[in-house]
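Can you look at this prediction? I've put the sequence above it.
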Amino acid sequence: MGLEERPDAITNPLSEILEIGDDSPQPFPEGTKVIDIFDQIGTGRTLLILGEPGSGKTTTLLELARDLIGRAEQDTNQLIPVVFNLSSWAKKRQTIAHWLVEELNTLYQVPNKIAQALVTQQQLLPLLDGLDEVKADYRDDCILALNKFNKDYYNGDLVVCSRIKDYQTLSNRLNFQKGVCIRLLTLEKIYHYLDSVGDNLTVLRTLIAEDTVLQQLAQSPLMLHIMTLAYQGVAVEDLPKTEVIEERRKQLFNAYIEKMFKRRKTNQQYKKAQVKHWLIWMAQRMVEESQTVFLIEKMQPYWLKNRKQKQTYILMLGLMLGLMLGLMGVLIGGLIGVLIRGLDEGLMFALMLGLMGVLMGLMGGLMRGLRVILDQEVTEEIKTVEILQINWKKILIYLLIFGLIGGLIFGLIGGLIFGLIGGLMEGLIFGLIGGLIFGLMEGLREGLEISEIETKTTPNQGIRKSARNAITVALVFGLVFGLVLGLIGGLIGGLIGVQSAGLIFGLMFGLMFGLAGWLRNGGEACIKHFSLRLILYRNNYIPWNYARFLDYAADRILLQKVGGGYIFIHRMLMEHFADMKLES
């Protein structure tokens, strides 16, 4: 691909001060590589790479990354090149420095302290793709953030990549040293490529020579490649004709999609119309959310588009919560009832508490549903719990502060109160016990640090990890709190003459803490995800076995599997699907 310099795309402070330079595009010599241009810039190299859709911007950026990585491997004094996608910056719109630290941690699993050091000590060479993938409302802000980062904080090597038309519509410009644009293919290069592919494209070569619209499309490497796949072996009379380039582009993508459906005549698990319907919905959500990679576990309830779907989602959460509270009520009611009333009446008491739990859950669901009716929006986000780490330092601090110090304070207060009605010693014991219980609760709550696996390796890995962690935490919370509170309850019960009651109440509260731990550490995410999947399935937005369908689409080269996620083979194909009408 040819390259040309674009001085008009950047604001170079030195050129402005000296009033030198020509803003007109200047082609580089044939065969010039982007690494050659980057090396010519000098100290504090800043480069903007522009191009038309499908011209090979990301490929050019990755080639630059490959060459720079080769150098860094040979010389440890070289900066470390790292590729990021700017689309995620729009979520928080924070400083570029903080965003880089977060991205290093989430994308590359670099610990925060090391990531912070890499950024502040300017040991990185950020290669930032997808400026045009930032939500349109925030692109100008992103340029301002990049300029501020480069001037006030970083002042080092930096590369940014963007579609040229999206960049030109912005009011701000990057204060960079050099801007380059990838030139479109010439007819000579197009013919050379078609001749090298094979004889089956003779008809396409002839048509391109006669059709100016096809010539324009073929100037993009992506579109030329799509043509070779979609029009291979097709007769001239069968090829569609139109003078409108956008219409021809749509026809070309439609022909490509049809060709891909014919690739695998066996294993036709889904109807063609159904596959297109599901891909249209998926593409529309990805465009709306500025997503480049689709992850099943990242689907969110605010993707639901009408009030009925949102209300159903909230009521389902209320029902599931009610069932869980009901089950807990049956267990707790059974323990209390058997202890106080005997087996028969204990069972009745258990059923009563269970019914109360179900009603409480349903009431919670109705209240949430009412909020949706009033606000017409679901703002809750499903946050997966994929990595659980125990911070023993935090647990010990909370135990020390709340358990011993807080216990002594409350013990003295309790001692004074109990001294009036009972004895000082009992008050001190109750205060210390209460402090230890609270310290243990807060220590475990704060000591369990939650994070996500951003580099997924299998589909829906986040939800499966969340379910596993929820069960682990529920068992730990239930057993630990059950045993601790059971022993404490036994001690208290022994003081007042009802030791067995103390043990049972301790185990009962242990079960409650187990449920709370399960919900907080992954259980709630699993319930929300299941409810959302069920509603999307019932409304025919997704199939039941979503991973199998996405693999099916990847097998037909409509999607590409990336770890545990999926991307369209190109952003232009995603935009093509997103522009199609979603049939109800």
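Looks like it arrived, so ask away. Numbering: from 1, shown residues only.

all contacts plus neighbour counts: C-alpha atoms, from now on.
Will do.

Low-confidence ranges, this structure, go.
Low-confidence regions of the chain, defined by pLDDT under 70, span residues 13-22, 153-155, 198-200, 233-243, 264-267, 322-380, 385-457, 470, 473-522, 584.

and with 50 instead?
Applying pLDDT under 50 to the chain flags residues 16-18, 372-373, 376, 498-499.

which residue ranges form the strands in it?
For the chain, strands defined by DSSP state E occupy the ranges 3-5, 26-27, 46-51, 80-85, 124-129, 158-163, 178-182, 387-390, 448-451, 559-562, 565-568.

Minimum distance to Ile314: which of those strands has it?
Within the strands of the chain, the stretch nearest Ile314 is strand 448-451; the backing value is 24.9 Å (C-alpha to C-alpha).

one step back: make CSV out of the strands of the chain and add mean neighbour count.
Compiled in CSV, the strands of the chain are given as follows (neighbours: other C-alpha atoms under 10 Å):
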stretch, mean neighbour count
strand 3-5, 21
strand 26-27, 15
strand 46-51, 24
strand 80-85, 18
strand 124-129, 21
strand 158-163, 23
strand 178-182, 24
strand 387-390, 15
strand 448-451, 16
strand 559-562, 19
strand 565-568, 22
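
got those strands as CSV, with distance to Ile471 columns?
What follows is the strands of the chain, written out as CSV (distance: least, C-alpha to C-alpha, whole Å):
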stretch, distance to Ile471
strand 3-5, 56
strand 26-27, 62
strand 46-51, 48
strand 80-85, 35
strand 124-129, 39
strand 158-163, 44
strand 178-182, 53
strand 387-390, 12
strand 448-451, 14
strand 559-562, 29
strand 565-568, 25
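
so which of the ones you listed comes closest to Gln284?
Proximity of those to Gln284 was assessed by C-alpha to C-alpha; the nearest stretch is strand 565-568, lying at 12.1 Å.

closest to Asn545 out of the strands of the chain?
Using C-alpha to C-alpha as the measure, strand 565-568 is the one of the strands of the chain that comes nearest Asn545, at 14.8 Å.

And for stretch 290-301, what's in contact with it?
Contacts to stretch 290-301, defined as C-alpha atoms under 8 Å, 6 or more residues apart in numbering, come from residues 87-88, 133-135, 286, 310, 313, 378-382, 384, 459-463, 529, 532, 546-547, 562, 564-567, 571.

hmm, 7 Å instead?
Around stretch 290-301, the neighbours that count as contacts under C-alpha atoms under 7 Å, 6 or more residues apart in numbering are 87, 133-135, 286, 378, 381-382, 459-460, 462-463, 532, 564-567.

what is Val82 paired to in the beta sheet?
Legend: beta-bridge partners of Val82 under DSSP bridges are Pro126.

List the contacts of it.
The neighbours of Val82, taking C-alpha under 7 Å, 6+ apart as the test, are Leu124, Leu125, Pro126, Leu127.

Apart from its neighbours in sequence, what residue is nearest the second one?
Take Leu125 and drop its neighbours on the chain: the residue closest to it by C-alpha to C-alpha, 6 or more residues apart in numbering is Pro81, 4.5 Å away.

doesn't Leu68 make contact with the one you found?
Yes - Pro81 lies in contact with Leu68 (C-alpha atoms under 7 Å); the separation is 6.4 Å.

joint contacts of these two?
Counting by C-alpha under 7 Å, 6+ apart, Pro81 and Leu68 have no shared contacts at all.

Isn't Arg163 up against Leu50?
Yes - because the distance of 5.6 Å satisfies C-alpha under 7 Å, Arg163 is recorded as touching Leu50.

Contacts only, for Leu50.
Residues near Leu50 by C-alpha under 7 Å, 6+ apart: Lys57, Cys161, Ser162, Arg163, Ile164, Val180, Cys181, Ile182.

rerun at 8 Å
The neighbourhood of Leu50, defined by C-alpha under 8 Å, 6+ apart, consists of Lys57, Cys161, Ser162, Arg163, Ile164, Gly179, Val180, Cys181, Ile182.

can you check Ser162 too?
By C-alpha under 8 Å, 6+ apart, the residues touching Ser162 are Leu48, Ile49, Leu50, Gly51, Lys57, Asp129, Gly130, Leu131, Asp132.
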